[in-house]
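S.K.: All I have is the shape, not the residue letters:
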């Protein structure tokens, strides 16, 4: 029998709120870079250590890293 207590519902609600805030923060950061076209695809994904975490989709993560590398190269070229 799965009995849920009010405290458990409150903890689940807090966790949901934190996930929503995390996703909103990521979208805001992407917007700061002008990358509103990138769908972060937030959900639960397994990381390299086999841990399941709420984060960007693997595809979005790769795209963000690729764009950051490109941006870094552009800035480095300007500094020469």
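M.R.: Perfect, I can see it now. No experiment lies behind these values; they were computed from the predicted model shown.

S.K.: quick one, helices of this protein?
M.R.: Using DSSP state H, the helices assigned to the chain run over residues 6-32, 58-78.

S.K.: Relative to residue 45, which of those helices is closest?
M.R.: helix 58-78 (6.2 Å; CB to CB). The C-beta positions use only the backbone N, C-alpha and C, and glycine is treated the same way.

S.K.: contacts for that closest one?
M.R.: Helix 58-78 has contacts (CB atoms under 8 Å, 6 or more residues apart in numbering) with 30, 33, 35, 38, 39, 40, 41, 45, 55, 56.

S.K.: how does it look with 10 Å?
M.R.: 26, 29-30, 33-35, 37-42, 45-47, 55-57 (CB atoms under 10 Å, 6 or more residues apart in numbering).

S.K.: Next, the buried residues of it.
M.R.: When neighbours are counted by 16 or more other CB atoms under 10 Å, the buried residues of helix 58-78 are found to be 60, 63, 64.

S.K.: now do stretch 23-33
M.R.: Within stretch 23-33, the residues scored as buried using 16+ other CB under 10 Å are 23, 26, 27, 30.

S.K.: again, but for stretch 37-47
M.R.: Along stretch 37-47, the positions that meet the burial threshold by neighbour count (16+ other CB under 10 Å) are 38, 40, 42, 45.

S.K.: Look up the pLDDT of the nearest residue to residue 35 once chain neighbours are set aside for me, please.
M.R.: Residue nearest to residue 35 in three dimensions, not counting chain neighbours: residue 67, with 6.5 Å by CB to CB, 6 or more residues apart in numbering. Model confidence at residue 67, expressed as pLDDT, equals 98.

S.K.: measure residue 67 to residue 55 for me?
M.R.: Note on residue 67: its distance to residue 55, by CB to CB, to the nearest Å, is 17 Å.
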